[in-house]
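J.: Structure here, sequence nowhere to be found:
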């Protein structure tokens with residue numbers, strides 16, 4: 001892969017890593033606050049288990065997904081530094097540039113990804 005193209009992928013990955021890190025931090029900060037009631041509607045005490053946890057569960061799932069993407073982006077940046085970026089970790093063939101354009105953090109070619117390598 002040409003140096004200019006590799007540097008473009010590096011720049012895109014660095015931007016993506018920065019954005020994902022901000023999003024993960026925002027989600028981490030928002031999760032504890034969502035579980036605390038703003039005020040009680042009645043004088044009847046509410047058990048914590050009765051409160052809506054769907055919002056928190058969704059935020060936790062989103063945070064875990066974003067952290068997974070952040071890990072994948074960081075691994076792709078490490079592959080650039082090691083000189084293995086664009087090489088499939090499954091079969092050692094080149095990953096199509098079109099795939100890298102769509103998912104610059106992809107560690108596998110399409111064939112290996114479909115096989116679940």
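T.: Cool, the structure landed. As the structure is a computational prediction, the values presented were derived from the model and not from experiment.

J.: alpha carbons only for contacts and neighbour counts from here, please
T.: OK.

J.: what sits against the closest residue to residue 100 other than its chain neighbours?
T.: Spatially, and ignoring its direct neighbours in sequence, residue 100 is nearest to residue 106 (6.5 Å; CA to CA, 6 or more residues apart in numbering). Residue 106 sits next to 72, 76, 99-100 when contact means CA atoms under 8 Å, 6 or more residues apart in numbering.

J.: do residue 89 as well
T.: So residue 89 contacts 107-108 (CA under 8 Å, 6+ apart).

J.: Can I take it that it is in a helix?
T.: No - counting by DSSP: H, G, I helix; E, B strand; the rest coil, residue 89 is not found in a helix; it is coil.

J.: For it, give its distance to residue 57.
T.: Going from residue 89 to residue 57 by CA to CA, to the nearest Å gives 33 Å.

J.: How about residue 102?
T.: Per CA to CA, residue 102 is found 29 Å from residue 57.

J.: what does residue 96 give?
T.: The spacing between residue 96 and residue 57, counted by CA to CA, is 36 Å.

J.: And residue 10, by the same measure?
T.: Applying CA to CA, the value for residue 10 to residue 57 is 33 Å.

J.: my guess is the residue nearest to residue 100 is in a helix, correct?
T.: No - counting by three-state DSSP, residue 106 is not part of a helix but coil.

J.: quick one: stretch 58-73 to chain centroid distance?
T.: 4 Å (CA atoms, centre = their mean, to the nearest Å).

J.: do the same with stretch 5-15
T.: Chain-centre distance of stretch 5-15: 16 Å, with CA atoms, centre = their mean.

J.: Where does pLDDT dip in the protein?
T.: Applying pLDDT under 70 to the chain picks out residues 32-55.

J.: can you pull out the helices in it?
T.: All helices of the chain, identified by DSSP state H, fall at 3-34, 54-82, 97-102, 110-115.

J.: can you give me the angle the longest one makes with helix 54-82?
T.: Yep, that's helix 3-34 we're talking about. Interaxial angle of helix 3-34 relative to helix 54-82 (axes from the mean of the first three to the mean of the last three CA atoms, to 10 degrees): 160 degrees.

J.: list the helices and strands helix 3-34 packs on?
T.: Counting contacts by 3 or more CA pairs under 8 Å, 6 or more residues apart in numbering; DSSP states H and E, helix 3-34 packs against helix 54-82.
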